[in-house]
Each structure stands twice: as C-alpha cells, then as structure tokens.
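Enquirer: Starting from these lines, generate the structure:
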Amino acid sequence: MNKINLVLALLGILLLVVGCTIQQTIPATTGPMATANTGNAESAPAIINTATASVTIENFAFNPSSLDIKVGDIVEFVNKDSASHTVTFDDDSFDETIPSGASVTHTFTQKGNLDYLCSFHRSMRGKVIVS
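Expert: Residues are numbered from 1 along each chain as shown. Sure thing, here's the model as predicted:
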C-alpha cells in the first residue's frame, strides 16, 4: 500500500509541476471597433477593421513626414523631443498640443490629403493621405 501511495503522490506532484509550467495563451481580442466622431450616436459611423499608424516627433521633425492610411485608421503622434509640439491640421479640424514624452491619437474618418504642422515650430510639416 505504501508503494501505491508513493506512486500516486509522485504522479500528483508531476501533474502539478507540468500544469504550472505549461504556458497559458490568451487569445487576442479581435473584432470590429466602433468609433464615434461626434456625440451624436445616431449619425456616427461605425469604423471597422481599423489600423494604427505612428508618427514620431523627434529632432524637431515629423517622421514619417508623409503617411498613407485608410479611412478609419488611427494615427498616434508621439513626442520624443524635449520641447512641446502641436499637431495642427491646415483645415483647423484638429489642433492638439503634445508635451514632451506624451502622445495623442486621431481617427481619420474621411478620404483626403491633410497637411499639418507644429504651430510652435512652423518649419515642422507633415501630411496624411487618407484613401
């Protein structure tokens, strides 16, 4: 009887060790993401299959200076400079100040070419082409 108890105890320990060392994988959440452009939920379009692109602000320049995206995509503007900057669209539809080390995002909901600049440092210019 002692040998059986010993074997069962060892088997239980083995199962416990194996169960604790198996890497658990949690599937990524996928599916459509709805984004509203206004507070009016009735007229806000649902944007499906969005992608996120990034524009880095570094050495007083936007990188990349020109970005091609699709309607519904999100662009994150990340300020890696020690100075604050803005992302100001030429059509005044978006104007955000980004302190050093911070970021801001914008969802593009219409086709078109949007030129932008830093209103603090007007030589800093960029373009987003939305198709």
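Enquirer: Do you have the helices of the chain handy? List them.
Expert: All helices of the chain, identified by DSSP state H, fall at 2-21.
Enquirer: any low-confidence regions in it?
Expert: By pLDDT under 70, the weakly predicted segments of the chain are 1-49.
Enquirer: Can you give me the neighbour number for the residue nearest to residue 75 when sequence neighbours are not counted?
Expert: Nearest residue to residue 75, sequence neighbours excluded (C-beta to C-beta, 6 or more residues apart in numbering): residue 53, at 5.0 Å. The C-beta positions use only the backbone N, C-alpha and C, and glycine is treated the same way. Other residues within reach of residue 53 by the criterion other C-beta atoms under 10 Å amount to 16.
Enquirer: how near is residue 53 to residue 101?
Expert: Counting by C-beta to C-beta, to the nearest Å, the gap from residue 53 to residue 101 is 20 Å.
Enquirer: Please report how far residue 74 lies from residue 63.
Expert: The span separating residue 74 from residue 63 equals 18 Å under the rule C-beta to C-beta.
Enquirer: same thing with residue 98?
Expert: Spatial separation of residue 98 from residue 63 under the definition C-beta to C-beta is 14 Å.
Enquirer: Compare the two (neighbour count), which wins?
Expert: When neighbours are counted by other C-beta under 10 Å, residue 98 and residue 63 differ, and residue 98 comes out ahead with 18 against 14.
Enquirer: Look up the residues forming beta bridges with that one.
Expert: Residues in a beta bridge with residue 98, per DSSP bridges, are residue 85.
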